[in-house]
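Novice: Sequence below, structure please.
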Amino acid sequence: MKKYRSVSFLVELLINVLVFSICCAILVALFGRAWQVTAVTRQAAAAEAEVNTLVEIAKVRGRGGLLQAGGHENGPEEVCFAYNGDWQPLAAEWTQALSVFPVPLEAWAREGHAVALWLRPEATGAGTLYRLEASAVDDTGSEIYAVQTAFYVPA
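Specialist: Numbers count the residues shown, from 1 in each chain. A predicted model of the protein is given here:
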């Protein structure tokens with residue numbers, strides 16, 4: 001009789017260890033997924049901050065302000081900014097390697113990230129309406145953040 005009690009105790013102990021191991025695996029997977037979501041959220045927050053800063057520069061100082069802030073013309077309406085993986089601006093010499101314009105936004109992002117702003121003016125009777133689109137992409141060409149806005153400059 002005593003032999004069967006010890007065997008049943010061992011079986012119960014093994015089942016408890018198995019259940020504990022499964023629960024630990026589920027928790028590790030959950031924490032791993034949370035870490036991935038946090039990294040994506042951090043990247044999106046950095047993109048949002050950078051794009052919103054550039055949009056405000058465009059609203060206050062226009063296309064010239066974007067170029068003074070380190071932007072590079074990429075066609076008649078587009079200004080691009082190139083960044084490394086930590087959202088630090090790349091040196092102006094880096095953009096000289098891009099020889100054919102306009103360059104696709106993905107090429108601007110090959111070192112990490114890129115932001116493109118399209119500023120389209122429309123003349124009205126009392127001034128100019130500017131439609132502004134901005135988009136941030138990562139090195140794979142996936143859009144991280146985009147915004148569209150408009151602002152009016154009286155004549």
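
Novice: which other helices and strands contact the longest helix anywhere in the chain?
Specialist: In the chain, assigned by DSSP state H, the helix with the most residues is helix 2-68. Counting contacts by 3 or more C-beta pairs under 8 Å, 6 or more residues apart in numbering; DSSP states H and E, helix 2-68 is packed against strand 78-84, strand 112-124, strand 127-138, strand 143-154. All C-beta atoms are positioned from the backbone trio N, CA, C, and that covers glycine.

Novice: Compare those and give me the one nearest Leu90.
Specialist: strand 78-84 (4.4 Å; C-beta to C-beta).

Novice: still on that earlier bit, just name the most buried of the helices and strands packed on helix 2-68.
Specialist: With neighbours taken as mean count of other C-beta atoms under 10 Å, these reach their highest mean count in strand 78-84, at a mean of 21.

Novice: what's it packed up against?
Specialist: Against strand 78-84 (3+ C-beta pairs under 8 Å, 6+ apart) you get helix 2-68, strand 72-73, helix 105-108, strand 112-124.

Novice: Mind putting those into TSV with distance to Gly141 and mean pLDDT?
Specialist: Converted to TSV, those look like this (distance: least, C-beta to C-beta, whole Å; pLDDT from 0 to 100):
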stretch	distance to Gly141	mean pLDDT
helix 2-68	14	89
strand 72-73	18	83
helix 105-108	4	72
strand 112-124	9	88
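
Novice: could you dump those to TSV with distance to Tyr130?
Specialist: TSV is the format used below for these (distance: least, C-beta to C-beta, whole Å):
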stretch	distance to Tyr130
helix 2-68	8
strand 72-73	17
helix 105-108	20
strand 112-124	5
